[in-house]
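K.L.:
Let's see this in three dimensions:
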Amino acid sequence: TVSLYTLDGRITVPMRLGEHQRRILGSGQPKEAELVLRKGQWFFNLVVETDDAQPVASGPVMGVDVGENNLAAHSLGRVFGGERLRDKRDRYLALRRRLQSNGSQSAKQKLRQVSGKEMRRVKHINHETSKAIVQAAIDAGIAKITMEDLTHIRERIKAGKRMRGRLHRWAWRQLQTFVEYKAKAAGIAVEYANPAYTSQTCSCCGELGKRSKHRFECPHCGLRAHSDLNASRNLARIGSGAPLSRAVVNTPDVGSVDMGNHVCASQ
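P.N.:
Numbers count the residues shown, from 1 in each chain. This next block holds a predicted model:
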């Protein structure tokens, strides 16, 4: 059962738990809880903190890049579009400005309600995305996931968009947190790397190329690829312990890596 405080006082609600949920509850200390109504059904989300040690990485590495236009991309070849997240964020910002300009008590209350609703929606999207990323890593036998250290992310936020930038960084950090705990639960190690030059460096030959929105082109080897995929493959290279320059991305041993309109032979 779970004890909940409501407007009518505290109530006790029975819960249905599977073996997986019971193992998680028995593995650590509950730290955060959230009650969510989804399609007419109530769900109780619980965050459990465990003392599990970082898994020891020995094997292929997956790079995961978070982006301003797309939510994320991983080095195995998938890009997660950011349209839903971006649309929700922009609608919230527009409504937030209107409510702030009103200044009334009812507007402030409405602002709190809208803010909570949007944050829950973003959280749901991040849970879906992180689950798909980690499942892809499991299926490919990935030993370690390398993501970018977000202390360097401010340089990717355009000036004059401070509020949008704060929301972006919050969503990015949350996504990384979800990927990390899901990966560690699956026995996959996680590390963070300085993403400097991962967007400008060709993940096939290691030379500097040209990035234009979603496209990356290398004038040296002819690589043409999605810019976020290129960055994620550079993160995978960093995670493998190899220098970024003249990189050949470290992916599972599949013979070659399809880089979009160019094929870079794996070594």
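
K.L.:
Looking at the chain, which helix is longest?
P.N.:
Counting by DSSP state H, the longest helix found in the chain is helix 105-139.

K.L.:
Packing partners of that helix?
P.N.:
Under the contact criterion of 3 or more C-beta pairs under 8 Å, 6 or more residues apart in numbering; DSSP states H and E, helix 105-139 touches strand 61-66, strand 70-74, strand 78-81, helix 83-102, strand 144-148, helix 162-185. Every residue, glycine included, has its C-beta placed from N, CA and C.

K.L.:
Output these as JSON lines; include the columns mean pLDDT and mean neighbour count.
P.N.:
Formatted as JSON lines, these follow (pLDDT from 0 to 100; neighbours: other C-beta atoms under 10 Å):
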{"stretch": "strand 61-66", "mean pLDDT": "95", "mean neighbour count": "29"}
{"stretch": "strand 70-74", "mean pLDDT": "92", "mean neighbour count": "25"}
{"stretch": "strand 78-81", "mean pLDDT": "92", "mean neighbour count": "17"}
{"stretch": "helix 83-102", "mean pLDDT": "72", "mean neighbour count": "14"}
{"stretch": "strand 144-148", "mean pLDDT": "96", "mean neighbour count": "26"}
{"stretch": "helix 162-185", "mean pLDDT": "78", "mean neighbour count": "18"}
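
K.L.:
nearest to residue 25, of the ones you listed?
P.N.:
Closest to residue 25 of the helices and strands packed on helix 105-139 is helix 162-185 (C-beta to C-beta; 13.2 Å).

K.L.:
Output the helix or strand that the closest one is followed by as CSV - backbone C-alpha positions only.
P.N.:
Downstream of helix 162-185, the first helix or strand assigned by DSSP states H and E is strand 189-193. The C-alpha atoms that make up strand 189-193 are tabulated as CSV, following Å, rounded to 0.1, in the frame of the first residue of the first chain:
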residue,chain,number,x,y,z
ALA,A,189,28.6,1.9,-17.5
VAL,A,190,28.1,5.6,-18.0
GLU,A,191,30.6,8.4,-18.3
TYR,A,192,30.5,12.1,-19.3
ALA,A,193,33.0,13.8,-21.6
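
K.L.:
Let me see the residues that make contact with strand 189-193.
P.N.:
Contact partners of strand 189-193, identified using C-beta atoms under 8 Å, 6 or more residues apart in numbering, comprise 54-57, 143-150, 176, 179-180, 183-184, 235, 238-239.

K.L.:
at 10 Å what do you get?
P.N.:
Here strand 189-193 makes contact (C-beta atoms under 10 Å, 6 or more residues apart in numbering) with 54-59, 61-64, 134, 142-152, 176, 179-184, 234-239, 244.

K.L.:
The helix or strand following that strand pairs with which strands?
P.N.:
Going down the chain from strand 189-193, the next helix or strand is strand 210-212, by DSSP H and E. Partner strands and pairing direction for strand 210-212 (DSSP bridges) are strand 215-217 (antiparallel).

K.L.:
Distance of residue 183 relative to residue 75?
P.N.:
Residue 183 sits 14 Å away from residue 75, taking C-beta to C-beta, to the nearest Å as the criterion.

K.L.:
Repeat that for residue 223.
P.N.:
14 Å.

K.L.:
Of the two, which one has the most company?
P.N.:
residue 75 (33 against 22; other C-beta atoms under 10 Å).

K.L.:
May I have the predicted confidence score for the more buried one?
P.N.:
We have a pLDDT of 97 for residue 75.

K.L.:
May I have the residues that are in contact with it?
P.N.:
60-65, 136-137, 140, 142, 145-146, 203, 229-237, 239, 249-252, 257.

K.L.:
6 Å instead, please
P.N.:
By C-beta atoms under 6 Å, 6 or more residues apart in numbering, the contact set of residue 75 is 62, 63, 232, 233, 236.

K.L.:
and these, which two are the farthest apart?
P.N.:
62 and 233 (9.6 Å).

K.L.:
May I see the domains of this structure written out as residue ranges?
P.N.:
Using automatic domain parsing, the domains assigned to the chain come out as 2-50, 55-267.

K.L.:
if I look at the most centrally placed residue in the chain, how far off is residue 233?
P.N.:
Nearest residue to the geometric centre of the chain (C-alpha atoms, centre = their mean): residue 175, 3.3 Å. To residue 233, residue 175 is 19 Å away according to C-beta to C-beta.

K.L.:
That'll do, ta.
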